[in-house]
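>>> Got a sequence here, can you model it:
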Amino acid sequence: MKKYLILASLILVFIPNLNKKSDEIVIPDEAIRFRVVAESNTKEDQDAKTIVKNTLEQDLEILLKNSKSIDETRTILKENEKHFESLVERTLLTNKINTTYKVNFGINYFPEKKYKGIIYEEGYYESLVVTLGNGNGENWWCVLFPPLCLMEGEDNNTDEVEYKSFVKEMIDKYL
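Below you'll find the predicted structure:
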């Protein structure tokens, strides 16, 4: 009887939320962002931004895959800043992209961004920023810690994400 009372309580508490999907990913106060800013909005400069972003994102995924805290992520990024500069330089040379660049890990400005109905406020945030040329073009950014970058991706459709509930799984299993 006690088992059924507990199960009934769980159902009453959690049923309203079982089929809800999260509408937004909220960036926590303690986060580290990653941003790549194109030289301009020409197709060539936007393509260059994407190439640099893709290369760095792959590298960051490997470097940060076992990071468990913001402090650990911060340390990894600080220790690898020169590595990121070399990687950007190599990527530009390999792809015959003739532009200057700057890599900065620290407190950097981010403009306001509206993404999937959510407004992310402009401000200064701890971040790894790569600026190509004068940085007058559109930018791409995501969050390295917590690792929303590597989960979300630039063009993924979060409407297709399926959220699971431990409680729902238990109810399905026993009912």
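>>> use CA for all of it now, contacts and neighbours both
Will do.
>>> quick one: contacts for residue 135?
Applying C-alpha atoms under 8 Å, 6 or more residues apart in numbering, we find residue 135 in contact with 37-40.
>>> again with residue 104
Going by C-alpha under 8 Å, 6+ apart, residue 104 touches 81, 127-130.
>>> and the residue nearest the centre of the chain, how far is that from residue 91?
The residue lying closest to the centre of the chain (C-alpha atoms, centre = their mean) is residue 149, at 2.0 Å. Using C-alpha to C-alpha, to the nearest Å, residue 149 is found at 20 Å from residue 91.
>>> taking the contacts of residue 135 one by one, which sit in helices?
With DSSP state H as the criterion, helices contain none of those.
>>> Kindly indicate which of these lies nearest residue 47.
Distance to residue 47 across the contacts of residue 135 (C-alpha to C-alpha) is lowest for residue 38, with 8.6 Å.
>>> my guess is that closest one meets residue 132, correct?
Yes: assessed by C-alpha atoms under 8 Å, residue 38 is found in contact with residue 132 at 5.3 Å.
>>> what does the longest helix along the chain rub up against?
For the chain, the helix with the greatest residue count under DSSP H is helix 43-64. For helix 43-64, contacts defined as C-alpha under 8 Å, 6+ apart pick out 36-40, 73, 76, 84, 87-88, 91-92, 97, 132, 137-140, 150.
>>> Of those residues, keep whichever come out buried.
For the contacts of helix 43-64, a burial check counting by 16 or more other C-alpha atoms under 10 Å picks out 36-40, 73, 84, 87-88, 91-92, 132, 137, 139-140, 150.
>>> Just give me the neighbour total for the nearest residue to residue 121 once chain neighbours are set aside.
Ranked by C-alpha to C-alpha, 6 or more residues apart in numbering and with sequence neighbours excluded, the top spatial neighbour of residue 121 is residue 112, at 4.8 Å. Neighbours of residue 112 under the rule other C-alpha atoms under 10 Å: 11.
>>> can you give me the strands in this structure?
Per DSSP state E, the chain carries strands over the ranges 32-37, 101-110, 113-115, 118-120, 123-132, 139-145.
>>> Comparing those strands by mean pLDDT, which bottoms out?
Among the strands of the chain, strand 113-115 has the lowest mean pLDDT, at a mean of 77.
>>> Give the other helices and strands that it contacts.
In terms of contacts (3 or more C-alpha pairs under 8 Å, 6 or more residues apart in numbering; DSSP states H and E), strand 113-115 is packed against strand 118-120.
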